[in-house]
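K.L.:
The sequence isn't on hand, but the structure is:
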DNA sequence: GAGCTGAGACTGTTGAACAATCTGGTTGCC
DNA sequence: GGCAACCAGATTGTTCAACAGTCTCAGCTC
């Protein structure tokens, strides 16, 4: 039902998309080895095409490749998380700073993302909330009007989802984040740049702490007690 | 003497490096078609390996790939240039802002890059000056202490060099930029963040204007007068 | 029980093959 | 003579089968 064959028969870009989806959705948890013979058979493409897809995912930082040891879904280290949050602070705070110059449609799009996240919360679709919230932050960065920064941020956020995948996302526990998204969004729309930046900075600090705790807890359970592999 | 064969026989990562070097150094000017059969023979690798290298370069934005039309060295548009300079402003200005928190060795490294650029100027090695100056800006972004931002900036700068490659880099014409690099570097080291940011902003504005003019002039000469392909 | 050895599995890379598509020139028609 | 259809060569996208190099682990020896 989940791992159907010939799901992506055809273009290699589709294979890449399928694998990326499975990875960021947590279907393939961090550490999972991606063996090309098995995967190429499962997806109905040749080994060469699959290897091209894996290389793209490697360039995006979603998998690790070691010579003659193959490919595996990347396990985020604590250093990775702090690195990612430096990038988030840099881009998102710059975006808030540049928000007065942003074209109106982009601000509308940003507001729409917050509304979507709030909708997911009220519908108690907890598995969708995290993604919806990240979409808001993506649309925040979009205020900078740089396709390159957008692309970089998208990849970075995808990597961050690797950490989310190992977190126990226990329902209503996520709702407060969306409320803070709304607060930041409204401050930006109201032109209160300094306040928005302050709120965003606190948000990112708290978020980083949460993710770091989860990653550290996960690294302990997967290395110390059980010598798995 | 220049296009030797078996120059990169071996690993595909080496093939990628060789091609990237040739592209950013202007050896392969923008628009040059990269035909895989010819290139794979020239570099002494198989077509499959070469195609993997081309895919990586595509992910880095150095070449364009269109279905059934193959790969060609990317020609930077005016939109690309403004996009790149938005990214430069975002990252470099953030770096200046974060410079008080940067570890001392990174500040030393930054100063060393400026010194290297000045050395190239006094040696009148004009072909090296542009690269040396960009290395200073790379080391400036390094103050942010994020490997991901470093990598993104490296790729972005490599794309910018596509524009440099089509510019007539006529010698001493480049020296003033290095002097301004020195000014910015000293302001950063002196802890005068605001002044450094102002100087950097003016620098980037002027630089963007120069590159934009060159790109626009180039696009006119390659489309309007001569219907060259 | 520690260290060596060999078999099997997997990866990295190659070369050849084939279908789909693009390009440029030629042919035929008006 | 001009224009459209068309055909052939070239190039790309993708697949397949093969082989050498490397890693892993079980079994053997001491």
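P.N.:
In hand now; what should we look at? Predicted model, so just to flag it, every value in this text is computed and none were measured.
K.L.:
Can you tell me which residue of chain A sits closest to DNA strand D?
P.N.:
Nearest residue of chain A to DNA strand D: residue A:49, at 3.0 Å (C-beta to the nearest atom of the strand). The way it works is simple: take the backbone N, C-alpha and C, and place the C-beta from them, glycine included.
K.L.:
the longest helix in chain A is where?
P.N.:
Within chain A, and with DSSP state H defining each element, the longest helix by residue count is helix A:193-223.
K.L.:
is chain B contacted by that helix?
P.N.:
No. Using C-beta under 8 Å from any C-beta of the partner chain, helix A:193-223 stays clear of chain B, coming no nearer than 11.7 Å.
K.L.:
buried residues in the helix-or-strand element of chain A with minimal mean pLDDT?
P.N.:
Among the helical and strand segments of chain A, the one scoring lowest on mean pLDDT, DSSP states H and E is helix A:12-24, with a mean of 85. Within helix A:12-24, the residues scored as buried using 16 or more other C-beta atoms under 10 Å in any protein chain shown are A:12, A:14, A:15, A:16, A:19, A:20, A:22, A:23, A:24.
K.L.:
Identify the residues contacting the helix or strand just after it?
P.N.:
Moving toward the C-terminus from helix A:12-24, the next helix or strand (DSSP states H and E) is strand A:33-34. With contacts defined as C-beta atoms under 8 Å, 6 or more residues apart in numbering or on different chains, strand A:33-34 is touched by A:19, A:28, A:54, A:63, A:70, A:71, A:72, A:73.
K.L.:
what about 10 Å?
P.N.:
Applying C-beta atoms under 10 Å, 6 or more residues apart in numbering or on different chains, the set of residues contacting strand A:33-34 from outside is A:19, A:22-23, A:28, A:39, A:50, A:53-54, A:57, A:63-65, A:69-73, A:229.
K.L.:
Quick check: neighbours of it in the sheet, parallel or antiparallel?
P.N.:
In its sheet, strand A:33-34 lies beside strand A:70-73 (antiparallel), with partners assigned from DSSP bridges.
K.L.:
Can you give me the domain assignment for chain A?
P.N.:
Per the record, chain A has its domains at A:12-73, A:78-223, by automatic domain parsing.
K.L.:
weakest of those domains by average pLDDT?
P.N.:
Per-stretch averages of pLDDT across the domains of chain A put domain A:12-73 at the bottom, with a mean of 88.
K.L.:
any bit of that one sitting next to DNA strand C?
P.N.:
Yes. Contact of domain A:12-73 with DNA strand C (C-beta under 7 Å from any atom of the strand) involves A:33-37, A:47-48, A:51, A:65-71.
K.L.:
What's the nearest residue in chain A when you look at DNA strand C?
P.N.:
Taking C-beta to the nearest atom of the strand, chain A has residue A:70 as its residue nearest DNA strand C, at 3.2 Å.
K.L.:
partners of that residue in the sheet?
P.N.:
When bridges are called by DSSP bridges, residue A:70 pairs up with residue A:66.
K.L.:
for the host helix or strand of the residue of chain A closest to DNA strand D, packing partners?
P.N.:
For residue A:49, the host element (DSSP H and E) is helix A:47-59. Using 3 or more C-beta pairs under 10 Å, 6 or more residues apart in numbering or on different chains; DSSP states H and E as the contact criterion, the secondary-structure elements in contact with helix A:47-59 are helix A:12-24, strand A:33-34, helix A:36-43, strand A:63-66, strand A:70-73, helix B:47-59.
K.L.:
Looks like residue A:13 contacts residue A:45 (just checking).
P.N.:
No. Under the contact definition of C-beta atoms under 10 Å, residue A:13 does not touch residue A:45, with a separation of 11.3 Å.
K.L.:
any residues in contact with both of these two?
P.N.:
Taking C-beta under 10 Å, 6+ apart as the contact definition, residue A:13 and residue A:45 share the neighbouring residues A:52, A:53.
K.L.:
my read: residue A:147 touches residue B:159, true?
P.N.:
No. With contacts defined as C-beta under 10 Å, residue A:147 does not count as touching residue B:159, sitting 11.8 Å away.
K.L.:
quick one, which of the two is more surrounded?
P.N.:
When residue A:147 and residue B:159 are compared for neighbours, residue B:159 comes out ahead with 21 against 16, by other C-beta atoms under 10 Å in any protein chain shown.
K.L.:
Nearest residue to the more buried one in space, please, no chain neighbours.
P.N.:
residue B:61 (5.2 Å; C-beta to C-beta, 6 or more residues apart in numbering or on different chains).
K.L.:
burial count for the residue of chain A closest to DNA strand C?
P.N.:
Residues lying near residue A:70 (other C-beta under 10 Å) number 14.
K.L.:
Residue A:58 too?
P.N.:
A count of neighbours around residue A:58, defined by other C-beta under 10 Å, yields 16.
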